[in-house]
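> Requesting a structural model of the entry that follows:
(chains A and B)
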Amino acid sequence: DAKTTQPNSMESNEEEPVHLPCNHSTISGTDYIHWYRQLPSQGPEYVIHGLTSNVNNRMASLAIAEDRKSSTLILHRATLRDAAVYYCILNSGGGADGLTFGKGTHLIIQP
Amino acid sequence: GAVVSQHPSWVICKSGTSVKIECRSLDFQATTMFWYRQFPKQSLMLMATSNEGSKATYEQGVEKDKFLINHASLTLSTLTVTSAHPEDSSFYICSANRPGEETQYFGPGTRLLVL
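Presented below is the predicted three-dimensional model:
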């Protein structure tokens, strides 16, 4: 799987929007962009994924650059429960392959 | 969403003993499940892919004779850490895909401490 680059950590205030960036300049045409998050001492949790178009769900929005070399996960109104490590992962396996996790971004939410 | 469970949630064992960890998909059938390991302050590392009815596929550097994987049914995969040693102490996490979906559903993890 192609490599992704994320900031090690980010800090935001509660009830404000958060934009988590991810660079994936070597993305291939068949790679989906996935975001998962991991709360302390828990297994990862799916957040959102997309291929080319921007995506919205109840948890977040995913903005994908036109050249697909970068993407941004948007939490519209962060809460303390959103404090977690967020992983941006590329995968083209259609469910057949395990995921390659990078170091992710540790999101800190200040009350 | 889909639910994946693991049992036990934590286990403490003596060095040299074997420990079995179960991973179940509760509301879907999974022909493939994945096992990951996570050391403190590190990211998840894929250990192996568990295939129902056939042998598991191990990632480079993972000893297949030490980490035995059995996927005997479409809802259950087990990971057995044989002759566990303190360096095997880690957080073991499994995952599975609902058929036809890109999303992986992760279990809550099993924390293993080998004394």
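> how about the most centrally placed residue in chain A, what does it touch?
When chain A is reduced to its mean C-alpha position, the nearest residue by Cα atoms, centre = their mean turns out to be A:Trp35, at 3.4 Å. Contacts of A:Trp35 were listed using Cβ atoms under 8 Å, 6 or more residues apart in numbering or on different chains, and they are A:20, A:22, A:46-49, A:60, A:62, A:73, A:86-89. Where C-beta positions appear, they are placed from N, C-alpha and C, glycine not excepted.
> List just the nearest of those residues to chain B.
Nearest to chain B among the contacts of A:Trp35 is A:Tyr46, at 4.9 Å by Cβ to the nearest Cβ.
> For the host helix or strand of that closest one, which outside residues touch it?
Per DSSP states H and E: A:Tyr46 is located in strand A:45-50. Around strand A:45-50, the neighbours that count as contacts under Cβ under 8 Å, 6+ apart are A:32-39, A:55, A:57, A:59-62, A:64, A:71, A:73, A:86, B:1, B:102-106.
> Buried ones among the residues you listed?
Listed as buried from the contacts of strand A:45-50 are A:32-38, A:55, A:60-62, A:64, A:71, A:73, A:86, B:102-106; burial here means 16 or more other Cβ atoms under 10 Å in any protein chain shown.
> Among these, which are located in strands?
Mapping those onto strands (DSSP state E) picks out A:32-38, A:55, A:61-62, A:64, A:71, A:73, A:86, B:104-106.
> what sits opposite residue 48 in the beta ladder?
Going with chain A. Bridge pairing for A:Ile48 (DSSP bridges) gives the partners A:Trp35.
> I was after chain B.
Under DSSP bridges, the beta-bridge partners of B:Ala48 are B:Trp35, B:Tyr58.
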